[in-house]
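Q: missing the sequence, but the structure's below:
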């Protein structure tokens, strides 16, 4: 029995061998890390919507940072990655991050840390303060205490890594913290990280970089108590992938398992995903699953698009549209956009909703990424063609049996 190998995995972070695109962002980070290895600190905020590929980008950066590849800046950092759990405090997240670093240190470095850091490093593990559920005044004091502990640990860590025997020494430290919105004391984080970075820089120990990953809407809360910390971070917006980069992801997967593909079909259909990496992975997985002749053709695309749209109804799209409950004005707006063959102006949508107040829904729909707007044409459209397909599959029985939206379809198509 031959088991079909599928290189795509929608339920996991994209592997480095299938990673494509994001060249501008990668080069931007690498160039800054080259400065960090010379003692000039730099940190980053990767921001973007869910499923846009922030974690995959950070995973690749982490790989490059420790690869010591002469084509990629000869970076030889000790690195850690930690994903914050809901309600976890930043001190706890940093402690887990530091302890992951120890797994990459030679025994000689561990001995030095053990003898010099006292209670901050015992039995091969770091132990730093965590936050208590106190008033803000008390938390501010804890931020200062945690900052001092982190500076003490990172100073000794940097000195130790850069002075061990030749071949074991490292360029610096890269700490990646994901799911930033889950941090319980997010509004104190900017103050903390600015304090750490500034103090290390003044002590000439600026061989440390932080990459924090979250949503754009969390930035105001993050910088709440320390707006000046914005100067510390390079904010890198991770957006949808352009067409050629999205195609590159699928092509790499097809080539990995020696499957050919219809270039015209790929070119015609790739942007049904809207350029969202998670949707690209789902389409890729379903294309390989549908294939029966080692060639991805038009029929495979038709099957994969239908299957992916149905699957996304219960996954990412479940937060963007109510596929199970009552059809409200919010859903009607999305239904109208789904049956339209073109983007619509807000006034057009209002008219098609019998003059009802749709405007209260537009901002929330944008925030949830159900729709996207084009300021140049003053129009809005759905998140992606896959989202459109998911809605159409949902409302098709009503269209066929009840004539649902027939007046809208006639009106919209008549103006096309």
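A: It's in. Please read these numbers as outputs of a predicted model, since none were measured by experiment.
Q: Near residue 404, how many other residues are there?
A: As a burial measure, residue 404 scores 18 neighbours (other C-beta atoms under 10 Å). The way it works is simple: take the backbone N, C-alpha and C, and place the C-beta from them, glycine included.
Q: Please read the previous query as pertaining to residue 355.
A: Residue 355 is flanked by 8 other residues according to other C-beta under 10 Å.
Q: Residue numbering should commence at 59 henceforth.
A: In the new numbering, first residue 59, that becomes residue 413.
Q: what's it in contact with, if anything?
A: Under the criterion of C-beta atoms under 8 Å, 6 or more residues apart in numbering, residue 413 has no neighbours.
Q: tell me the secondary structure for it?
A: Recorded secondary structure, residue 413: coil (DSSP: H, G, I helix; E, B strand; the rest coil).
Q: again with residue 231
A: strand.
Q: Report how many residues lie close to the closest residue to it other than its chain neighbours.
A: Here the nearest residue to residue 231 in space, its sequence neighbours aside, is residue 266; by C-beta to C-beta, 6 or more residues apart in numbering that works out to 4.7 Å. Other residues within reach of residue 266 by the criterion other C-beta under 10 Å amount to 25.
Q: separation between residue 266 and residue 293?
A: Using C-beta to C-beta, to the nearest Å, we find residue 266 at a distance of 19 Å from residue 293.
Q: Wait, a helix at residue 162?
A: No: assignment of residue 162 by three-state DSSP gives coil, placing it outside any helix.
Q: contacting residues around the closest residue to it other than its chain neighbours?
A: Counting by C-beta to C-beta, 6+ apart, residue 136 is the residue found nearest to residue 162 once chain neighbours are left out, at 4.8 Å. Taking C-beta under 8 Å, 6+ apart as the criterion, residue 136 is in contact with 124, 159, 162, 163, 219, 228, 230, 231, 232.
Q: nearest to residue 402, of the residues you listed?
A: Closest to residue 402 out of these is residue 232 (45.6 Å), distances taken as C-beta to C-beta.
Q: Pull the number of nearby residues for that closest one.
A: Here the neighbour count serves as a burial measure; for residue 232 (other C-beta under 10 Å) it reads 29.
Q: Report the beta-bridge partner residues of it.
A: Listed beta-bridge partners, residue 232: residue 137, residue 267 (assigned using DSSP bridges).
Q: Does it touch residue 137 like I think?
A: Yes: the criterion here is C-beta atoms under 8 Å, and residue 232 meets it with residue 137 at 4.4 Å.
Q: so what sits against both of the two?
A: In the contact map built from C-beta under 8 Å, 6+ apart, the residues linked to both residue 232 and residue 137 are 120, 123, 124.
Q: confidence score at the second one?
A: Looking back up the chat, that one is residue 123. In the predicted model, residue 123 carries a pLDDT score of 92.
Q: cool, and residue 359?
A: Residue 359 is assigned a pLDDT of 97 by the prediction.
Q: unless I'm mixing things up, it is touching residue 331, no?
A: No: in this structure, residue 359 sits apart from residue 331 without contact. The criterion is C-beta under 8 Å, and the distance is 11.6 Å.
Q: Of those two, give the one with the bigger neighbour count.
A: Neighbours were tallied for residue 359 and for residue 331 using other C-beta under 10 Å; the higher tally belongs to residue 331 (26 against 22).
Q: any idea how far the residue nearest to the more buried one when sequence neighbours are not counted lies from residue 288?
A: Counting by C-beta to C-beta, 6+ apart, residue 331 lies nearest to residue 337, which is 3.9 Å off, once chain neighbours are set aside. From residue 337 across to residue 288, the span is 32 Å (C-beta to C-beta).
Q: same deal with residue 436?
A: Computed as C-beta to C-beta, the residue 436 to residue 288 distance reads 31 Å.
Q: So residue 337 and residue 288 - more neighbours on which side?
A: When residue 337 is set against residue 288 and neighbours are counted by other C-beta under 10 Å, the residue ahead is residue 337, at 28 against 14.
Q: how about the more buried one, what does it touch?
A: With contact taken as C-beta under 8 Å, 6+ apart, residue 337 is in contact with 109, 331, 366, 370, 374, 442, 444.
Q: Check for me that the last one belongs to a strand.
A: No: according to three-state DSSP, the state of residue 444 is helix, so it is not within a strand.
Q: Wait, it touches residue 364, no?
A: No: using C-beta under 8 Å, residue 444 is not in contact with residue 364; the gap is 10.2 Å.
Q: how's the protein carved up into domains?
A: Following automatic domain parsing, one gets these domains for the chain: 81-295, 301-369, 376-473.
Q: of the ones you listed, which approaches residue 68 most closely?
A: Counting by C-beta to C-beta, and looking across all of these, nearest comes domain 301-369 at 4.3 Å.
Q: Would you work out how far apart the start and end of the closest one are?
A: One end of domain 301-369 sits 23 Å from the other (C-alpha to C-alpha, to the nearest Å).
Q: Take the contacts of residue 337 and keep only those in helices.
A: In this view, the contacts of residue 337 that belong to helices under DSSP state H are 366, 370, 444.
Q: does the second one really touch residue 446, like I thought?
A: Yep, that's residue 370 we're talking about. No: here residue 370 does not reach residue 446: they are 11.2 Å apart, not a contact under C-beta under 8 Å.
Q: any idea how far the residue nearest to residue 162 lies from residue 116?
A: Residue 136 is 16 Å from residue 116, where distance means C-beta to C-beta.
Q: likewise residue 271?
A: 6 Å.
Q: what's the overlap in contacts for those two?
A: 104, 234, 236.
Q: would JSON lines of these with neighbour count be doable?
A: Rendered in JSON lines, the data for the shared contacts of residue 271 and residue 116 read as follows (neighbours: other C-beta atoms under 10 Å):
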{"residue": "104", "neighbour count": "25"}
{"residue": "234", "neighbour count": "24"}
{"residue": "236", "neighbour count": "20"}
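Q: which one of the residues you listed is nearest residue 70?
A: Relative to residue 70, and with distances defined as C-beta to C-beta, the nearest of these is residue 236, at 14.0 Å.
Q: Farthest pair within the contacts of residue 337?
A: Taking every pair in those and measuring C-beta to C-beta, the maximum separation is 13.0 Å, between 109 and 366.
Q: In terms of neighbours, single out the busier of the two.
A: Comparing residue 109 with residue 366 by neighbour count (other C-beta under 10 Å), the higher total belongs to residue 366, at 25 against 19.
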